[in-house]
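Novice: Pasting the sequence and the predicted coordinates here, then a few questions.
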Amino acid sequence: MKKTILISLSTLALATSCVDSLTDYNIDPKNPANVTGPSLFAGAERSLTRLVVSTNVNDNPFRLWVQYWAETTYLDETRYNIKSRQIDRQLWDGYYAILRNLVEAKNLVPNNKFVAAKVQANQQACIEILSVYTWATLVNTFGDVPYTEALDFNKSQPKYDDAKTIYNSLFTRLDAAIATLDPKEEGMGAQDAIYNGDVAQWIKFGNSLKLRLALTIADDDAAKAKTLAEQASKDVFESLSDQAQLIFVASPPNTNPLFEDLVQSGRHDFVGTNFFINDNLLKLKDPRVGAYFRIPNNPNFPTYRGGVNGAGNNFNNFSEPGAALLNPALPGVLLSYPEVEFLLAEAVSRGFAVGGGSVEDHYNAGVTASISQWGGTEAQAQAYLDQPTVAFTTASGTNDLEKIGFQKWIALYDQPVTAWTEWRRLDTPKLTPARGALSVIPLRVTYPTTESNLNKANYNAASALIGGDAVSNRIFWDKK
C-alpha cells in the first residue's frame, strides 16, 4: 500500500510540474478556448454553403418559390407562409451569424505571429470575398438591412442601411480584396474547404462574384454595371473545375444537407412540379431530367411526372429528386461556371465589352456546362441545343434576356437562392402563384418579428422607406 501511495504522489508531482496552477486541469483539449481566424473561416464556409443549398424549408424555401419542387404534405412554405415557421428569422439569424464569425476571423488573423504578413493579407482578402458574398445574399433576400452598425455588441438596436448604398460599399470592398490577393503567396491552406488555399482560384471567385453583382444592378445603373462587368470579366471562371463549391463527404456530420433532409430524415416531403418537369424538361427533351428527378415509384406512372404547385401531392405518384441530389457527398455550389457563362451572355447582350464570344456562344457554353455538370455528354448537349425550341436564335422569348434567363433557371436547379434572385431580376420564366397562395410570389422576405419587437424604431423607419414590410415590395435592382 505504501508503495502505491509513493508512486501516486510522484506521478502527481510530475504532472503539476508541467502546469502553472491546478486550474489548468480544467482545460478540455477537444474544445479549445481560443480559435484561429482560418478555423472560423472554415466554419463560415461550411455554414454559408449549407444555408444556400439546404432543402430545409425553415431555412431555404426557394426551390418551392421558383417552382422546381412542390410539397407532399405540409404546404405552408409553398403558399408563402413565411411567419408560421419563422423562415424570415432563420434566414436573418443564419446570415448574421456567418457574418459575425467572419468578422471575428478577420480580427484573429493578425494574432498568428508565425504567419507571414503577405499570407495574412491573402487570408484577410479571402474573408472579405466570402463576407461580400454573404452580405449581398442578405441584401438580395431582405433589401435594406443593418450594415454599418451591425455586428457590434455595443449597438443592440442598429439602424438599417439603404440596400443600394450597401451594394456600393460591397463593390469597394470586393475590389480591394481582389487587388490584395497575391497568388505567389499562401492563403488559408487546408482550412479552406472551397479551394484548399489556392489563391489564384480566389481571384477568379472574386471576379466572378463581381460579375454577378454587376449584372444584378444592371437595370438600376447600367453605366456602373458595364464598368464593373468589364473589369471583372478578365479573370472569371473558365471551366467547371473553377466554380466555388464546397465538397461534402459521405459520413456525418459533413454530408450535404440535401442528403440529410431527403434520405437521412426518412421523410418524403418533396416532388418536382408539373411546370418544371412536364411543361419544360420533358417538352424540351432535356437530358438533365434523369439527374434532376426519378421516375415515380408507381407502375401506373412509367415516366417522369410532376405534381401540382401548392397542392398536397401523393409522393408515390410523382417524381422525387434524382439520385444525384441524394448523394451525401454532392458538392454545395456557391457560384457555378454555367452561371458565369450566362452572365457573360447577358453582358454581351447589353453591349458590355467582356471579351470574345457572342451572346449565342456564351448561351451555348452555359447550357453545355450545366449538362456536363449533371453527368451529360457534349453530344447530348449539342442535340439539345440543336432543337429549334432551345437554339438561341429560335427559342421562345421576346428578347435575349428572356432566352438567357429561361435556360439559366433550368441550370440553377441546385442553386435555389441564386435562382430566386435571377427569376426576380430577369422576370423569366413566367410563374403563377401556388394554389392557395397567401400572397404574390415573394419578391423579398419580410423582416423577422424579433426586429419589430426589439429594434422597433429602426424597423419602422426601414419599413416605411420601402413602402411597408411586405413580400410584394421590390429590392432596388428589381425593376418591373
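Specialist: Perfect, thanks for sending it.
Novice: Where does pLDDT dip in the chain?
Specialist: 1-33 (pLDDT under 70).
Novice: Identify, by residue count, the longest helix of it.
Specialist: helix 117-142 (DSSP state H).
Novice: Show me what counts as buried in that helix.
Specialist: By neighbour count with 16 or more other Cβ atoms under 10 Å, helix 117-142 contains the buried residues 119-142. The way it works is simple: take the backbone N, C-alpha and C, and place the C-beta from them, glycine included.
Novice: Next: stretch 255-275.
Specialist: In stretch 255-275, counting by 16+ other Cβ under 10 Å, buried: 255-263, 269-275.
Novice: How about stretch 375-385?
Specialist: So for stretch 375-385, counting by 16+ other Cβ under 10 Å, buried means 376, 380, 381, 384, 385.
Novice: Which helix or strand contains residue 208?
Specialist: helix 199-216 (DSSP states H and E).
Novice: by contact count, what packs against the helix or strand following that helix?
Specialist: Going down the chain from helix 199-216, the next helix or strand is helix 222-232, by DSSP H and E. Applying 3 or more Cβ pairs under 8 Å, 6 or more residues apart in numbering; DSSP states H and E, one finds that helix 222-232 makes contact with helix 199-216.
Novice: and the helix it packs on, how far out from the chain's middle?
Specialist: Relative to the centre of its chain, helix 199-216 is centred 14 Å away, using Cα atoms, centre = their mean, to the nearest Å.
Novice: Next step: the buried residues of stretch 255-275 restricted to helices.
Specialist: Per DSSP H, the subset of the buried residues of stretch 255-275 in helices is 257, 258, 259, 274, 275.
Novice: Quick one: the residues you listed as JSON lines, columns for distance to residue 296 too.
Specialist: Formatted as JSON lines, those follow (distance: Cβ to Cβ, whole Å):
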{"residue": "257", "distance to residue 296": "24"}
{"residue": "258", "distance to residue 296": "19"}
{"residue": "259", "distance to residue 296": "21"}
{"residue": "274", "distance to residue 296": "12"}
{"residue": "275", "distance to residue 296": "17"}
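Novice: now the angle from the longest helix of the chain to helix 199-216?
Specialist: 30 degrees (axes from the mean of the first three to the mean of the last three Cα atoms, to 10 degrees).
Novice: Which segments of the chain make up each domain?
Specialist: 37-62+83-237+444-465, 257-326 (automatic domain parsing).
Novice: what's the closest of those to residue 427?
Specialist: Among these, domain 37-62+83-237+444-465 comes nearest to residue 427, with 10.0 Å by Cβ to Cβ.
Novice: ends of that closest one, how far apart?
Specialist: 37 Å (Cα to Cα, to the nearest Å).
Novice: Can you name the residues that contact residue 428?
Specialist: Residues counted as contacts of residue 428 (Cβ atoms under 8 Å, 6 or more residues apart in numbering) are 397, 401, 402, 405, 406, 409.
Novice: whoops, I mixed them up, residue 441
Specialist: 65, 80, 431, 433, 434.
Novice: try residue 155
Specialist: residue 149.
Novice: ditto for the one 3 residues further on
Specialist: The contact partners of residue 158, by Cβ under 8 Å, 6+ apart, come to 146, 148, 149, 150, 152, 455, 458.
Novice: at 6 Å what do you get?
Specialist: Residue 158 is in contact with 146, 149, 150, counting by Cβ atoms under 6 Å, 6 or more residues apart in numbering.
Novice: Most neighbours among the residues you listed, please name it.
Specialist: residue 146 (23 neighbours; other Cβ atoms under 10 Å).
Novice: Report the separation between that residue and residue 205.
Specialist: 26 Å (Cβ to Cβ, to the nearest Å).
Novice: circling back to that earlier point, starting at the chain centroid, how far to the longest helix of the chain?
Specialist: Distance, centroid of helix 117-142 to centroid of chain: 14 Å (Cα atoms, centre = their mean).
Novice: helices and strands around that helix, which ones?
Specialist: When contacts are defined as 3 or more Cβ pairs under 6 Å, 6 or more residues apart in numbering; DSSP states H and E, helix 117-142 packs onto helix 87-108, helix 163-180, helix 199-216.
Novice: run the last query once more with 10 Å
Specialist: helix 37-53, helix 87-108, helix 163-180, helix 199-216, strand 244-246, strand 332-335, helix 416-426 (3 or more Cβ pairs under 10 Å, 6 or more residues apart in numbering; DSSP states H and E).
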